[in-house]
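Trainee: Provided below for reference: sequence and predicted model.
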Amino acid sequence: MRIRATVAAVTGALALSAFVVPAAQAADGSSYSPADLVKDARALHASAGKSAFSSSAAATDEPYTLDLSFSGVKINNGKPIVVGTTNRVSVPVTYTVTHGADVDIHADDFFMDVDIYRGAWDDPNARFQVGDDWPSCTDTSATVASCKGTIDIYPQDPDFGLINADATTWKAEGYAYAFNGQDPSAADFDPSKVGFVAQDGLGTTKLQRYSKLTVNASPEPVYKGKTITVTGKLSRANWDDHLYHGYTGQSVKLQYRKKSSSTYTTLKTITTNSTGNLKTTTTATADGYYRFSFAGTSTTPAVNAAGDYVDVR
């Protein structure tokens with residue numbers, strides 16, 4: 001489970017001063033986690049930067065626009081993110097950051113990340129996923145850096161856990177804060193000296209529900225020319241109840257390869273029943289392996305069952 005501080009967001013404006021201390025003063029070297037600041041960044045963007053760092057209704061100062069941009073964002077090397085019902089899934093995120101010469105991206109109180117979200121960009125309550133840790137960046141010039149981070153997904157997390165509707169396309173966004181020595185908990189905190197930028201349209205990725213496929217061919221052994229019955233089940237993760245349920249009405253191929261071959265050949269295509277089960281028959285010809293193969297859908301990845309060997313006599 002992701003460990004983080006609680007973030008207060010009221011009507012799109014943040015009360016950061018209520019819980020923040022400078023990063024340099026934190027016992028572990030960082031008082032913020034990505035899970036903390038992504039909520040702040042979204043609310044700050046949604047409020048158009050107005051008084052987002054102050055708990056005072058009279059505050060009028062706004063953070064200045066930080067001279068920084070993101071490009072070349074790639075999530076999970078361009079592949080969908082496949083998540084089951086229990087285990088954390090961590091995938092890589094890489095990107096390039098270009099910034100002004102006066103922006104110190106390595107400062108103790110500089111925070112930057114790329115996350116993914118579902119919903120409207122200007123909705124601070126949109127669903128999002130972040131990494132456990134801040135990215136690491138390597139300077140490639142005085143104003144350009146190559147950065148690596150992660151997206152860490154916990155399907156049962158009480159705040160960031162998944163629901164079945166999350167099996168869709170997610171968008172990537174980036175944000176950065178430069179506190180420049182300002183302490184939001186201090187009485188003399190000046191929001192106008194804090195730099196902030198948020199950038200949308202950095203790319204997309206898909207979240208998919210992990211799939212399983214089983215197969216059993218019998219009898220074993222069997223005489224040549226006799227009937228082989230092949231059964232199995234296609235199931236996938238249900239993020240609403242954290243169990244696996246049969247995937248109904250899906251086309252699945254029955255495939256076969258000879259013992260001496262490494263290539264499977266499709267024998268027929270059948271459809272899963274109302275519980276995701278599969279059952280069909282074929283004729284025994286030679287020693288070999290039988291498997292079911294599912295091509296996948298937009299919400300569920302492709303999967304092949306491990307081949308079941310049948311000795312034909």
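Mentor: Structure received.

Trainee: alpha carbons only for contacts and neighbour counts from here, please
Mentor: Fine.

Trainee: in this structure, which spans are helices?
Mentor: 34-46 (DSSP state H).

Trainee: Find the least confident helix or strand in it, judged by mean pLDDT.
Mentor: One helix or strand of the chain scores below all others by mean pLDDT, DSSP states H and E: strand 9-10, with a mean of 27.

Trainee: where are the low-confidence patches of the chain?
Mentor: Within the chain, the segments meeting pLDDT under 70 span 1-31, 45-60.

Trainee: Try it again at 90.
Mentor: Applying pLDDT under 90 to the chain flags residues 1-62, 120-126, 159, 183-186.

Trainee: Touching, residue 181 and residue 109? I think so.
Mentor: Yes. Here residue 181 lies in contact with residue 109, judged by C-alpha atoms under 8 Å, at a distance of 6.9 Å.

Trainee: Who has more neighbours out of those two?
Mentor: Set side by side, residue 181 and residue 109 show more neighbours around residue 109, with 22 against 16, by other C-alpha atoms under 10 Å.

Trainee: Hmm, residue 180 and the more buried one touching each other?
Mentor: Yes. In terms of C-alpha under 8 Å, residue 109 counts as a neighbour of residue 180; the distance is 6.7 Å.

Trainee: Residue 85 touches residue 242, doesn't it?
Mentor: Yes. In this structure residue 85 lies within contact range of residue 242 using C-alpha under 8 Å: 4.8 Å.

Trainee: can you list residues touching both of those two?
Mentor: 155-156 (C-alpha atoms under 8 Å, 6 or more residues apart in numbering).

Trainee: Between the two, which has more neighbouring residues?
Mentor: Just comparing residue 85 and residue 242: by other C-alpha under 10 Å the higher neighbour count belongs to residue 85, 21 against 16.

Trainee: show me the contacts for that one.
Mentor: Counting by C-alpha under 8 Å, 6+ apart, residue 85 has contacts 155-156, 237-239, 242-244.

Trainee: Out of the residues you listed, which is nearest to residue 123?
Mentor: Using C-alpha to C-alpha, residue 155 is the member of these that sits closest to residue 123, with 22.1 Å.
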